[in-house]
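*Asks:* pasting the structure only:
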């Protein structure tokens, strides 16, 4: 725990040293707090005005339209300066939420409030893609970018409970219009922070973006053909359907079952956020390890079962603990499910798989929120909690044999994973990407005296030495010896030039090889790894070191 806390402190310090990055992080804090506080207030407003049906319908419409607009709005981040996109999203959200606060305070039409709430959700869909795209251009080193990503992820998790807790405290002493006003102020804060970031140039557009419909169809075909992908994505969609129902049930539980008032909605949301942070600590240990199928199944059960138990123990203290457990389960499902997808999907399909997953997540959230109000009317609050809470445990029980068989296909070999992680070019890569590289690394054994690569020949492979030693020869002269942990072959792949040296085994040599496509997709697709690779090339080329 001391090591984890030290790493967290170092990450935040690194992310906040850079002035532009610091402003980006502060903008993210304002946006995250606003989103979660506003979500609590609008749910309470809808329930007070029109009951559980209005809450479900509002969440259904918000998520459906946000999901429909999100792919198109994300294109803006690749066509315009990212700072400008973020600023426009913040200004639009602030103006819309001010309108909501005014309509609420003046007793205006609920329809106006709902319409503005939907518009605010759509406008917000442009913020996160632009923020993620802008971050690499602000980082001065790969290490700084990694630290910024850690800080941003931690901030998002903390916002999941800080925002609802803030809303709960405000609702305990004031009205929903007060929360809306504070939310608008948080978006103004975010906009002011973004405005202080230097304007970035518009990204160069190389051809038009792939049509969203075509990308969705291609990914869907790939998923249908691969039963492993269909299983994980199906379970993830089932979890998000329950998550959509949870947004409605949470308000019903707080106000109708527990009689905890407006503040109770905030506290239950805060419990979810606290649980997600706690789950993140445990889930981070899953990367590179076996047992992901067990973790996914356990996370799904942990996400659903506490809902049913809430019906059996309808007390606020118990509900807070149970909702925190739901938050833990949510994080574990996210990490285990995504890692399993990355391990089982091919590189050529992975982007489209996640594109389909994103669309299904929005759809499942909307459907879950839309179906819950009639379920509450038919079964009552307790019956609805039991019915929704039982979905995921029963689904895991039915599909457990298939989930266990998936684990056998997703095991990552330990030796190449540890070897690749120690190489500077790959060190900045996310854990799941490293795992996929390790799974695709081919073991090769070379006898003493044999040349692995020859000077002047073309090269299609990158090599990392697991054991043994080799010599580097330039024009027949030995210039360097290589041992375990050393690597070669990157220059031929990155610069598309012939081999500049011969590497010959001095004894039996065990190597792991990555082909050109796999190597380039990982390195050039991740800005910190690209920067690290360029530094290695710059250091080695003048010395005619191995390629």
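*Replies:* Right, received. Where do you want to start? Keep in mind that what you see is a predicted model, and the values were worked out from it rather than measured. Numbering: from 1, shown residues only.
*Asks:* going by C-alpha atoms from here, please, whenever you check contacts or count neighbours.
*Replies:* Noted.
*Asks:* quick one: which helix or strand includes residue 237?
*Replies:* Assigned by DSSP states H and E, residue 237 falls within helix 227-252.
*Asks:* buried residues in that helix?
*Replies:* 228-233, 235-252 (16 or more other C-alpha atoms under 10 Å).
*Asks:* just checking, what packs against that helix?
*Replies:* helix 19-75, helix 212-225, helix 261-283, helix 292-312, helix 316-344, helix 347-409 (3 or more C-alpha pairs under 8 Å, 6 or more residues apart in numbering; DSSP states H and E).
*Asks:* one more pass at 6 Å, please.
*Replies:* Where contact means 3 or more C-alpha pairs under 6 Å, 6 or more residues apart in numbering; DSSP states H and E, helix 227-252 is packed against helix 347-409.
*Asks:* okay, angle between the helix it packs on and helix 292-312 too, please.
*Replies:* 80 degrees (axes from the mean of the first three to the mean of the last three C-alpha atoms, to 10 degrees).
*Asks:* which element follows helix 347-409 toward the C-terminus?
*Replies:* If you walk from helix 347-409 toward the C-terminus, the next helix or strand you reach (DSSP H and E) is helix 414-421.
*Asks:* any idea how far the helix holding residue 237 is from the chain center?
*Replies:* 16 Å (C-alpha atoms, centre = their mean, to the nearest Å).
*Asks:* now swap in stretch 322-336 and tell me
*Replies:* 14 Å.
*Asks:* contact partners of it?
*Replies:* With contact meaning C-alpha atoms under 6 Å, 6 or more residues apart in numbering, stretch 322-336 is reached by 271-272, 275-276, 279-280, 283, 292, 296, 299, 302-303, 306.
*Asks:* can you mark which positions in it are buried?
*Replies:* 322-336.
*Asks:* now do the contacts for the nearest residue to residue 247 once chain neighbours are set aside.
*Replies:* Spatial nearest neighbour of residue 247, chain neighbours left out: residue 369 (6.8 Å); criterion: C-alpha to C-alpha, 6 or more residues apart in numbering. Applying C-alpha under 6 Å, 6+ apart, we find residue 369 in contact with 56, 60, 244-245.
*Asks:* can you list the neighbours in contact with the helix or strand containing residue 90?
*Replies:* In this assignment (DSSP H and E), residue 90 forms part of helix 82-105. Helix 82-105 is contacted by residues 113, 116, 120, 123-124, 127, 130, 134, 177, 180-181, 184, 187, 191 when judged by C-alpha under 6 Å, 6+ apart.
*Asks:* now tabulate these in CSV and tack on neighbour count and pLDDT.
*Replies:* Listed next are these as CSV, based on neighbours: other C-alpha atoms under 10 Å; pLDDT from 0 to 100:
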residue, neighbour count, pLDDT
113, 22, 93
116, 20, 94
120, 23, 92
123, 22, 89
124, 21, 85
127, 24, 84
130, 25, 78
134, 20, 77
177, 23, 91
180, 29, 93
181, 19, 93
184, 28, 93
187, 29, 94
191, 28, 95
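*Asks:* can you name the two of the residues you listed that sit furthest apart?
*Replies:* Spanning the widest gap among the contacts of helix 82-105 are 134 and 177, at 33.2 Å by C-alpha to C-alpha.
*Asks:* run a quick neighbour tally on residue 37.
*Replies:* 28 (other C-alpha atoms under 10 Å).
*Asks:* ah, wrong one, I meant residue 89
*Replies:* Residues lying near residue 89 (other C-alpha under 10 Å) number 23.
*Asks:* over to residue 99?
*Replies:* Residue 99 is flanked by 19 other residues according to other C-alpha under 10 Å.
*Asks:* numbering from 55 from now on, please.
*Replies:* Done: numbering now begins at 55, and the last item shifts to residue 153.
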